[in-house]
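Visitor: Pasted the sequence and its predicted model underneath.
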Amino acid sequence: MKTVKKLLSGIAILSLATAVSAGRYDSDYSYARVVNVEPIYETYQIPQETQVCTRDNRYNRNHGDYRTQRASGGGAILGAIIGGAIGNRFGKGNGRKASTAAGVFVGAAIGANAEKHNRDYRYGNNRHDNRGGYCYTETEYIPEQRIVGYDVAYEYDRKVYHTTMQNHPGERVRVRVDVQVAEY
C-alpha cells in the first residue's frame, strides 16, 4: 500500500511539473496584428498548342510537299540487295533460290518502308487539309503568374516586423516572444 502511494505521488508530481512547464512554454507566445500582406508572384511559361491551317503554299515551295515527293527507290533497292544476300546463305539448290527470292522481297519491303519513315520524319507530322491548305501544330508559351508566398508586415509592441509566409496569415500571426537580459 505504501508503495502504491509513493508511485501515485511520483506520478502526480511529474504531471504537475509537466503541466507547469507546458503552461510556461505557451506563455512564450503571443499574437501580433497583421498590418499589410503582399502576394509574391512567380511567372511560369505554360505551353499551349494550336493547330494552324493555311492555304499558303510557301511551305511547299521552300521545303517540298512530302505528299508529292516520290520515293527514289533507293531504300527498296538497297533492302532487296541486302535481303537477297542474307537469303542466299540459307538452303541448298532450289531451297537456296527460294530463300534468296524471299530475302529480296522482304528486304525491298523493309527498305521502302524505311525510306517512307525517313521522309515522314524529315518533314514532321504535318498534314494537308481537304481544301488544299497546309496544317501544322504551333506551340506558343503563355506567361502565367502564380502566387508562391506572401510578404507579411505585422505589428508587435508598437514595432513593425516583416516576414515571408507560404499561406495568407489572416488578421493576426502567432509570434514567439524571447526576453533576454540586456546588461550583466
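Guide: On my side now, so go ahead. As the structure is a prediction and not an experimental result, all values here were calculated from the model.
Visitor: drop to CA atoms for contacts and neighbour counts, all remaining ones
Guide: OK.
Visitor: so who does the nearest residue to D28 once chain neighbours are set aside touch?
Guide: Leaving aside its sequence neighbours, D28 sits nearest to V177 (Cα to Cα, 6 or more residues apart in numbering; 5.2 Å). By Cα atoms under 8 Å, 6 or more residues apart in numbering, V177 lies in contact with 28-30.
Visitor: So A102: helix, strand or coil?
Guide: The local conformation at A102, judged by DSSP: H, G, I helix; E, B strand; the rest coil, is helix.
Visitor: Run through the strands of this structure in chain order.
Guide: Secondary structure of the chain by DSSP state E: the strands cover 29-54, 127-128, 134-156, 159-165, 172-176.
Visitor: one step back: what pLDDT does the model give the residue nearest to D28?
Guide: Note on V177: pLDDT of 88.
Visitor: ok, it to P39 distance?
Guide: Distance from V177 to P39, counting by Cα to Cα, to the nearest Å: 26 Å.
Visitor: Pairing partners for Y156 in the sheet, please.
Guide: K159 (DSSP bridges).
Visitor: on that earlier part again, flag the least confident of the contacts of V177.
Guide: Of all of these, D28 carries the lowest confidence score, 86.
Visitor: which residues sit in contact with that one?
Guide: The neighbours of D28, taking Cα under 8 Å, 6+ apart as the test, are 176-178.
Visitor: do V173 as well
Guide: So V173 contacts 31-34, 154 (Cα under 8 Å, 6+ apart).
Visitor: coming back round to it: looking at the strands of the chain, which one has the lowest mean pLDDT?
Guide: When those are compared on mean pLDDT, strand 127-128 scores lowest, with a mean of 54.
Visitor: In CSV, list the contacts of D28 along with distance to V52.
Guide: Shown next, in CSV, are these (distance: Cα to Cα, whole Å):
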residue, distance to V52
R176, 59
V177, 62
D178, 64
